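J.: predicted model and sequence below, questions to follow.
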Amino acid sequence: MALIGLPTVFIDFLAPEKVQVDPKGGAQEGGRPLVGEPATADISGGGFLTASYDGCKITTEEQHEYVNYLGARLNGSFRNVNVPIPTDWWGPFPKIGGIRAPYVTSIPHSDGSTFSDGSGYSQATVSGEITASAALRAGVITLTTTGMDRRLRHSDWFSIYHPTKGWRAYRYWEVISAPSGTNGSYTLAISPPLREAVTAGTHVEFARPRFVGRFPADFTLPSVTEAFFVTKQDIRFVEA
């Protein structure tokens with residue numbers, strides 16, 4: 001199964017009412033003692049990510065076509081896509097008009113002109129970069145950030161595009177060290193552990209983190225047509 005050069009699910013077009021992202025299989029029980037609470041141990045690979053796009057309201061002709069495309073591509077669980085994690089409104093992004101903005105848009109060409117339809121370029125408002133190499137399955141990374149309007153504190157999702165494994169999503173569970181200001185050098189304990197080794201200079205993406213995913217083996221996406229051409233569908237993914 002291909003892991004790089006994949007299309008990304010158009011989550012804005014699907015407009016799910018709720019998105020759930022949950023790591024599964026990150027620990028193993030060691031038996032249940034008399035007190036009833038089992039002993040557990042983490043797994044070095046960190047399990048795998050799952051995501052559910054719940055309540056996708058399919059109303060337009062093109063939305064029906066797009067759902068049909070996802071079913072045609074992903075049913076059978078042997079093809080992959082990039083699965084975005086929407087963190088737009090609570091990520092460490094600056095606010096524009098009182099709303100957090102993971103991207104700035106309408107950026108013109110160097111001569112001030114725009115494309116023929118009046119649109120411009122877009123780019124992420126927050127950037128991160130790995131500053132120290134880390135091995136496969138490493139649970140700690142060091143990176144530097146620019147553009148954030150708050151510190152990394154409790155936890156945020158981010159993603160890294162690996163040369164072999166493609167896009168992989170991570171979140172931190174401890175800030176081991178932080179700069180005196182908002183941006184600068186952070187050392188983070190992450191989960192899941194790195195899916196592939198990283199080198200200094202590797203880009204870290206905070207805007208729309210994503211991971212390579214497929215449909216779970218027990219899930220298919222049917223093509224549904226209801227009266228008045230309005231339907232709601234749930235779409236599930238598991239990390240590939």
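T.: Sure, I can see it. Not measured: the values here are computed from a predicted model. Residues are numbered from 1 along each chain as shown.
J.: in this structure Gly139 contacts Leu188, no?
T.: No: between Gly139 and Leu188 there is no contact under Cβ atoms under 8 Å: 9.5 Å. For every residue, glycine as well, the C-beta is placed using N, CA and C.
J.: the two: who's more crowded?
T.: Per other Cβ atoms under 10 Å, whichever of Gly139 and Leu188 has more neighbours is Leu188, with 23 against 18.
J.: and the more buried one, its phi and psi?
T.: phi -120, psi 140 (degrees, to the nearest 10).
J.: gap between it and Arg171?
T.: For Leu188, the distance to Arg171 equals 9 Å [Cβ to Cβ, to the nearest Å].
J.: could you list the domains of the protein?
T.: 1-29+47-86+210-240, 93-98+125-207 (automatic domain parsing).
J.: first-to-last residue distance for the first one?
T.: Right, domain 1-29+47-86+210-240. Domain 1-29+47-86+210-240 has an end-to-end distance of 9 Å (criterion: Cα to Cα, to the nearest Å).
J.: now do the helices in this protein.
T.: 11-14, 61-74 (DSSP state H).
J.: distance check, the spatially closest residue to Thr220 that is not a sequence neighbour against Tyr66.
T.: Nearest non-adjacent residue to Thr220, counting by Cβ to Cβ, 6 or more residues apart in numbering: Asn75, 4.7 Å away. Distance, Asn75 to Tyr66, using Cβ to Cβ: 14 Å.
J.: more neighbours: the two, which one.
T.: More neighbours surround Tyr66 than the other of Asn75 and Tyr66, with 17 against 14 (other Cβ under 10 Å).
J.: quick one: contacts for that one?
T.: Residues in contact with Tyr66, defined by Cβ atoms under 8 Å, 6 or more residues apart in numbering, are Phe10, Phe13, Leu14.
J.: please report how far the residue nearest to the second one when sequence neighbours are not counted lies from Val212.
T.: Closest residue in space to Phe13, ignoring its immediate chain neighbours: Tyr66 at 6.2 Å, by Cβ to Cβ, 6+ apart. Here Tyr66 is placed at a distance of 19 Å from Val212 (Cβ to Cβ).
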